[in-house]
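1. Need coordinates for the following:
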Amino acid sequence: MKDVRRWIRVHLWDEVPVRICVIDRDFRIVTANRAFGRELGRWYRRPCHVVLRGRDAPCSPCSAVACFRDGRIRNVEEQGVPRDGAPTWYYCQMIPMVRPNGAIPYIVEMSTDITAIKRLEHGKIEAERLAAVGQTVAGLAHGIKNVLMGLDGGMYVVRSGLERGDAGRIAQGWQMLEGNVARIGTFVRDFLEFARGRVPRVQLVEPNAVVRDVVASFAEAARRAGIALRADLEPDVGSAMMDPDGLHTCLANLVSNALDACQVSDKARRHVWVTTADRAGVLVIEVSDDGAGMDYDVQKKAFSTFFSTKAVGKGTGLGLLTTRKIAQEHGGRVSFETREGKGSVVRLEFPRDRLPRLEPEAATDAGTTAAPRPPRRASGR
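-> Numbers count the residues shown, from 1 in each chain. Down below sits the predicted model:
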């Protein structure tokens, strides 16, 4: 063991493949190991910001200043310039040398080159970006193709009606054209909202009022389809700081999906329910249906970009994804339970202590709409 201790004391300083230097309170390097000198060249009594960062002026903010001030160990990632001139990333550990009287005359900085890891991270991000671009282009092409097919069919019906002098057929074709033009607008809005995002505009909202509005807007469509659409709202649900347009979009997507699921079901009586409740500080909104439900493969793809089970040209595959995005912007989550042939329940949960908040200056006016602070994140989530 004595030999080991002697080797560590004599040789380890220069043998480790880690740059080590000691910085004094004037931020000058007073000693360094072999690896440090090999990578950075002349260092003795030179300012650390010159040697390590290639800067003429001190760094701002400076980890060494903070370390001298509070005596705490620092672990940071920093970019430096070795003598070959290539920008290099390092993982740095700064350890204060504390004397018995509490004084800190020096800091030991140990740094490991992590440039290769950073390059891998950059390559991964770039690959993911290119994959997302490809997926986006494929989704756009698929959606546009479906709409073009619908427009082509509508034009054919109109043309044949004109040739035959059939006013009914002309009206049918025109209705097809109008429907597909409306789908273009829906597709573009859904795609832009998902890709670009929108800043939530938070205000005091009555969740039950938003639910009633959504249910009312779908009531006629549900009646024509022979589906019973009901709102079962807990009267004691309190108001919440939310984006009313975002919440409306979430519920409209879910109610639309529930009605579609009922329409492809062969049951004689079909129902869609929207319920609200406050459960242990969590605002819960559920949209349930007794329609077709989802099989295992559909469940796995439910939140996938551009995945849709709707008829060709009818769905964009962005509804559930947009709903989840908006819920997350409010500090909430989306979950679902489903059984094939039995129906589904999609649940929006918004912990009230994680909802966005108005900035203090805006909160003085309850009617003011303002950009929110980000939702508070619970520890461990």
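
2. residue ranges with poor pLDDT in the stretch 101-250 of the chain?
-> 128-147, 149-150, 183, 186-199 (pLDDT under 70).

3. Go through stretch 100-119 and flag the buried ones.
-> Within stretch 100-119, the residues that count as buried by 16 or more other CB atoms under 10 Å are Tyr106, Ile107, Val108, Glu109, Met110, Ser111, Asp113, Ile114, Lys118. All C-beta spots, glycine's among them, are computed from the backbone N, C-alpha and C.

4. Can you tell me the number of residues neighbouring the residue nearest to the last one when sequence neighbours are not counted?
-> This means Lys118. Once flanking residues are discounted, Lys118 sits nearest to Trp89: 4.5 Å by CB to CB, 6 or more residues apart in numbering. With neighbours defined by other CB atoms under 10 Å, the count for Trp89 comes to 18.

5. And the strands in the stretch 51-200 of the chain, which stretches?
-> Under the criterion DSSP state E, counting those that start in this stretch, strands of the stretch 51-200 of the chain are mapped to 74-80, 88-97, 106-113.

6. Touching the second one from outside, list them.
-> Counting by CB atoms under 8 Å, 6 or more residues apart in numbering, strand 88-97 makes contact with 19, 22, 63-64, 67-68, 71-82, 104-115, 117-118, all of which sit outside it.

7. Repeat that for stretch 213-221.
-> Leu229, Arg230, Ala231, His248, Leu251, Ala252, Val255, Ser256, Leu259, Val274.

8. Let's see that with 10 Å instead.
-> 222, 225, 227, 229-231, 233, 244, 247-256, 258-259, 263, 272-274, 287 (CB atoms under 10 Å, 6 or more residues apart in numbering).

9. so of the residues you listed, which ones are in strands?
-> Using DSSP state E, the subset of these located in strands is Ile227, Leu229, Arg230, Ala231, Leu233, Val272, Trp273, Val274, Val287.

10. which of those has the most neighbours?
-> Val272 (27 neighbours).

11. Dig out what that residue forms beta bridges with.
-> Leu229, Asp289 (DSSP bridges).

12. Touching, it and Leu251? I think so.
-> No - with contacts counted by CB atoms under 10 Å, Val272 stays clear of Leu251, the gap being 11.5 Å.

13. Quickly list what's touching both of those two.
-> Val215, Phe218, Val287.

14. Doesn't the first one lie inside a helix?
-> Yes - checked against DSSP: H, G, I helix; E, B strand; the rest coil, Val215 lies within a helix.

15. That one and Glu286, how far apart?
-> 13 Å (CB to CB, to the nearest Å).

16. joint contacts of the two?
-> The contact lists of Val215 and Glu286 share Trp273, Val274, where a contact means CB under 10 Å, 6+ apart.

17. All the helices of this protein, residue numbers only.
-> Here the chain has its helices, by DSSP state H, at 2-7, 13-15, 34-40, 48-53, 63-70, 115-164, 167-196, 207-224, 244-263, 296-301, 319-329, 360-363.
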